[in-house]
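1. Predicted structure and sequence below. I'll ask about it afterward.
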Amino acid sequence: MVDFTLTDEQKDLREMAHNFADKEMRSVAWEYDKDGTWPQDVIDKAWEVGLMNTHIPEEYGGPGLDYLSGCLIEEELGWGCSGIGTSLACNGLAAAPVVLGGSEETKKKYLGMLTESAKLASFCLTEPDAGSDVAGMKTRAVKKGDKYVINGSKCFITNGQYADWFTVYAKTDPEAGSKGISAFVVDKTDGVTIDKKEDKMGQRASNTATVSFNDVEVPAENLIGEENHGFKLAMMTLDRTRPGVAAMAVGIARAAFEAAVEYSKERQQFGVPIAMHQAIQFLIADMAVKVDAARLLTWHSGVQLDQGLSNTLTSSEAKRFAADSAMEVTTDAVQVYGGYGFIKEYPVEKFMRDAKIMQLYEGTSQIQRMVIAREVLLPRAV
Ligand code: CAA
């Protein structure tokens with residue numbers, strides 16, 4: 001039997017996240033969006049109430065929440081402000097490889113850092129010439145005695161400027177393609193430089209930076225898992241984080257949908273609220289379908305993880321559909337608002353700008369289609 005009933009604990013979590021999003025995020029979201037203000041105050045509060053590090057296991061100080069609960073939280077954070085929400089969720093991306101492959105000492109030290117105080121960590125995979133093509137990365141890690149020396153530059157790093165440690169992917173065998181990549185935990189030490197903060201179209205309250213590693217020495221024990229197994233670790237990480245990204249896209253779409261519904265009942269044209277016109281009703285109807293369908297795919301991909309099943313296919317399906325739907329729904333919300341939708345005084349232009357990145361980060365919609373097609377045509381043995 002398929003049952004969509006949430007447990008009481010999940011309902012409470014969702015309500016708590018919703019109230020937080022409403023009171024602490026929406027109250028500052030449009031202001032912070034204007035100048036790209038770093039939301040440290042919101043991060044501190046979110047950490048305090050337990051809305052960060054949701055999947056860190058209890059033995060390392062986290063709440064060890066299931067993935068469906070994580071999706072419920074992320075939808076609300078996306079509804080509140082996906083820029084701030086991305087900053088809040090990013091620790092999950094950096095921590096996942098450590099949870100999956102880190103030694104006991106590494107987990108205690110680095111996961112503990114995130115759960116003991118409101119510290120941040122970043123996931124450093126993307127490079128200027130290696131975005132979708134992960135295996136094309138150039139960052140090098142060379143073993144010297146009991147240390148690795150890392151050199152290279154990573155771009156589009158969420159929270160990069162504020163992170164205390166980084167999960168860094170580097171080539172340890174440059175000739176071996178995807179089989180020559182290793183993952184490391186790197187502290188913010190002298191050789192780690194923040195070269196650039198991006199000025200973005202949307203999600204402006206999140207920090208996106210270029211982070212370079214210049215002869216950075218890391219102890220050999222900071223290798224996560226086995227040498228040259230980093231690519232799979234990155235893919236397994238993305239399987240675990242894409243449901244949350246999809247949920248955030250659902251949150252953005254839902255925010256735009258709710259705004260459009262309200263506005264359509266207030267705005268009068270041709271003597272009636274525009275909601276009375278079929279042209280608007282059809283837009284609203286399609287928005288409703290997209291929000292609900294995206295949520296179902298998202299929950300499915302999270303529940304599969306909770307059941308210990310492979311969710312490579314469903315996490316890409318959810319991420320692809322939810323991200324593209326968020327773009328469509330927010331664009332249609334602007335359409336419902338008409339000319340006012342294009343003006344910053346109204347909420348929906350921010351949703352439309354924020355939605356765009358959902359089709360780009362953690363794998364573009366085209367990469368998700370590639371993964372889906374491969375899983376359908378030639379499923380990986382798991
Ligand atoms: N789980 C486990 N193993 C996996 C896997 C998965 N989900 N997917 C692939 N693999 C394994 C394959 O089985 C294969 O192993 P074998 O060689 O032993 O058979 C190996 O990994 C290589 O796989 P592919 O041949 O499929 O690799 P590829 O080079 O063709 O790339 C890709 C596949 C899907 C395109 C991948 O590169 C990809 O996902 N690219 C997108 C990257 C991405 O999402 N980047 C976003 C960065 S995160 C971010 O956005 C930062 C932020 O701060 C927000």
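-> Ah, there it is. What you see is a predicted model; the values in this text were computed from it and never measured. Numbers count the residues shown, from 1 in each chain.

2. the helices in the stretch 251-382 of the chain, which residues?
-> Assigned by DSSP state H, counting those that start in this stretch, the stretch 251-382 of the chain shows helices spanning 278-306, 312-337, 348-356, 365-377.

3. Can I get those helices in JSON lines including mean pLDDT, mean neighbour count and distance to the ligand?
-> Using the backbone N, CA and C atoms, a C-beta is placed for each residue, glycine as well. Below are the helices of the stretch 251-382 of the chain laid out as JSON lines (pLDDT from 0 to 100; neighbours: other Cβ atoms under 10 Å; distance: least, Cβ to the nearest ligand atom, whole Å):
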{"stretch": "helix 278-306", "mean pLDDT": "98", "mean neighbour count": "19", "distance to the ligand": "12"}
{"stretch": "helix 312-337", "mean pLDDT": "98", "mean neighbour count": "25", "distance to the ligand": "4"}
{"stretch": "helix 348-356", "mean pLDDT": "98", "mean neighbour count": "24", "distance to the ligand": "13"}
{"stretch": "helix 365-377", "mean pLDDT": "98", "mean neighbour count": "15", "distance to the ligand": "5"}
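
4. What's the nearest residue in the stretch 1-150 of the chain when you look at the ligand?
-> Going by Cβ to the nearest ligand atom, the ligand is nearest to Val134 of the stretch 1-150 of the chain, at 3.9 Å.

5. if I read this right, that residue contacts Ala234, doesn't it?
-> Yes. With contact defined as Cβ atoms under 8 Å, Val134 counts as touching Ala234 (6.3 Å).

6. Between those two, which contacts overlap?
-> Taking Cβ atoms under 8 Å, 6 or more residues apart in numbering as the contact rule, Val134 and Ala234 both touch 125, 169, 181.

7. Inside strands: which ones of these?
-> 169, 181 (DSSP state E).

8. Among the shared contacts of Val134 and Ala234, which ones lie close to the ligand?
-> Contacts with the ligand within those, as defined by Cβ under 6 Å from any ligand atom: Leu125.

9. which residues touch the residue nearest to Asp129 when sequence neighbours are not counted?
-> Leaving out its chain neighbours, the residue that sits closest to Asp129 by Cβ to Cβ, 6 or more residues apart in numbering is Gly136, at 6.4 Å. Residues counted as contacts of Gly136 (Cβ under 8 Å, 6+ apart) are 127, 129-130.

10. Next one: Gly136, what pLDDT does it get?
-> On pLDDT, Gly136 comes in at 96.

11. Enumerate the residues of the protein near the ligand.
-> Taking Cβ under 6 Å from any ligand atom, the part of the chain that reaches the ligand is made up of 123, 125-126, 132, 134-135, 156-158, 178, 231-232, 235-236, 238-239, 312, 361-363, 367, 370-371, 380.

12. picking that back up, now a ChimeraX select for only the buried ones of the shared contacts of Val134 and Ala234.
-> Buried residues among the shared contacts of Val134 and Ala234 (16 or more other Cβ atoms under 10 Å), as a ChimeraX selection:
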select :125,169,181
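
13. TSV please, covering the shared contacts of Val134 and Ala234 and showing distance to Glu58.
-> Output for the shared contacts of Val134 and Ala234, formatted as TSV (distance: Cβ to Cβ, whole Å):
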residue	distance to Glu58
Leu125	28
Tyr169	28
Ile181	31
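
14. Could you export the shared contacts of Val134 and Ala234 as TSV, including pLDDT?
-> Listed next are these as TSV, based on pLDDT from 0 to 100:
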residue	pLDDT
Leu125	98
Tyr169	98
Ile181	98
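
15. now the contacts of Gly136 as TSV including pLDDT, neighbour count and secondary structure?
-> Output for these, formatted as TSV (pLDDT from 0 to 100; neighbours: other Cβ atoms under 10 Å; DSSP: H, G, I helix; E, B strand; the rest coil):
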residue	pLDDT	neighbour count	secondary structure
Glu127	98	20	strand
Asp129	96	11	coil
Ala130	96	18	strand
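
16. picking that back up, can you tell me which of the residues of the chain next to the ligand are in strands?
-> Residues of those located in strands (DSSP E): 123, 156-158.

17. hmm, which two among these are most spread apart?
-> Greatest spatial distance among those (Cβ to Cβ): Phe123 and Phe156, at 10.3 Å.

18. Those two: which has the busier surroundings?
-> Phe123 (29 against 20; other Cβ atoms under 10 Å).

19. close enough to count as contact, that one and Val98?
-> No. At 10.4 Å, Phe123 does not count as touching Val98 under the criterion of Cβ under 8 Å.

20. Mutual contacts of these two, please.
-> Common contact partners of Phe123 and Val98 (Cβ under 8 Å, 6+ apart): Thr167.

21. can you pull the contacts of the residue sitting nearest the centre point of the chain?
-> The residue lying closest to the centre of the chain (Cα atoms, centre = their mean) is Val245, at 4.3 Å. Residues in contact with Val245 (Cβ under 8 Å, 6+ apart) are 74, 89, 319, 322-323, 358, 361-362.

22. In what element of secondary structure is it found?
-> Assessed by DSSP states H and E, Val245 sits inside helix 230-266.

23. gap between that helix and the chain center?
-> In terms of Cα atoms, centre = their mean, to the nearest Å, the gap separating the centre of helix 230-266 from the centre of its chain is 8 Å.

24. just stretch 213-222 next, same as before
-> Centre-to-centre, stretch 213-222 and its host chain are 26 Å apart (Cα atoms, centre = their mean).
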